[in-house]
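1. what's the 3D shape of this:
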Amino acid sequence: MSDTEPPTADGKVLWHFTMSLDGFVAGPNHEMDWMMTGISGRPGLVEEYIRTTGAVLGGRDGWDAAPGNRPYGGAWDGPVFILTHHPEDATPADGVTFLSCDPAEAVRIGLAAAGGKNLEVFSPSIGRQLLELGLIDEIDLHIAPVLLGEGIRLYDNPGSEPIRLHRFGGGEPTSVVNVRYRPTITAKTPTEKAG
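-> Next up, the predicted model:
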């Protein structure tokens, strides 16, 4: 399976995450260390996002878990907006603005700051709210070959109606994406399995 077409910098609101195969974008306390080992992406992918991203919108929980961390390992430099109900007690950092407004206003501010490039949303809860408001233009996921078992889900909205999506790239836009993996743990022999 190949990736979809490269991202373009055309003023989209892009909900962007690497996600575990079981649907988590972070560990239970927003840990991201699972992404640092044994996972590789398409060559040049990070550089494409660095080039096309004009601003980032994140949430307070993620910020508090790693205050001061810059997107893409610090390789991207631009305005970061953190949406929070309590900006007064947030840990400040250069290039970071804490917003206390509704999500639609945060998108307006972020897109204006993005200068015609994309506004990337790095928050599951803000992404969910923007999706429900019809303000997400694209969802860009990189499915990592790992099962976390617990953590922060990309989309967690119990009791809601399913949201149907159309896939970018060639082929039928509503077709299932097939992935196939093998566990890297040593397989047990039939005798060990029965034992």
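2. show me the strands in the chain, by range?
-> Along the chain, the stretches classed as strands by DSSP state E are 13-20, 24-26, 53-59, 80-83, 96-99, 118-122, 138-144, 152-153.
3. alpha carbons of the fifth one, as CSV, please.
-> Once non-C-alpha atoms are left out, strand 96-99 reads as follows in CSV (Å, rounded to 0.1, in the frame of the first residue of the first chain):
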residue,chain,number,x,y,z
VAL,A,96,3.3,29.8,21.5
THR,A,97,0.1,31.7,22.0
PHE,A,98,-2.5,30.4,24.5
LEU,A,99,-6.1,30.9,23.3
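4. mind listing what's buried in that strand?
-> 96, 97, 98, 99 (16 or more other C-beta atoms under 10 Å). For every residue, glycine as well, the C-beta is placed using N, CA and C.
5. got TSV for the residues you listed, with pLDDT and distance to residue 21 too?
-> TSV is the format used below for the buried residues of strand 96-99 (pLDDT from 0 to 100; distance: C-beta to C-beta, whole Å):
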residue	pLDDT	distance to residue 21
96	96	32
97	97	34
98	97	34
99	97	33
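6. of all pairs in those, which one is the farthest apart?
-> 96 and 99 (10.3 Å; C-beta to C-beta).
7. between the two, which contacts overlap?
-> Residues touching both residue 96 and residue 99 (C-beta atoms under 8 Å, 6 or more residues apart in numbering): 81, 82.
8. quick one: mean pLDDT over stretch 115-131.
-> The pLDDT scores in stretch 115-131 average 95.
9. would you map the helices across this structure?
-> Using DSSP state H, the helices of the chain run over residues 45-52, 60-65, 103-114, 124-132, 190-194.
10. so can I have CSV of these showing distance to residue 170?
-> Shown next, in CSV, are these (distance: least, C-beta to C-beta, whole Å):
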stretch, distance to residue 170
helix 45-52, 19
helix 60-65, 34
helix 103-114, 28
helix 124-132, 25
helix 190-194, 41
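11. lowest average confidence across those helices, which one?
-> Note on the helices of the chain: helix 190-194 shows the lowest mean pLDDT, a mean of 65.
12. most packed of the helices of the chain?
-> Highest mean neighbour count among these (mean count of other C-beta atoms under 10 Å): helix 124-132, with a mean of 20.
13. pull the residues that contact that one.
-> Taking C-beta under 8 Å, 6+ apart as the rule, helix 124-132 contacts 13, 15, 17, 25, 57-59, 61, 83, 103-104, 106-107, 121, 136, 139, 152-157, 163.
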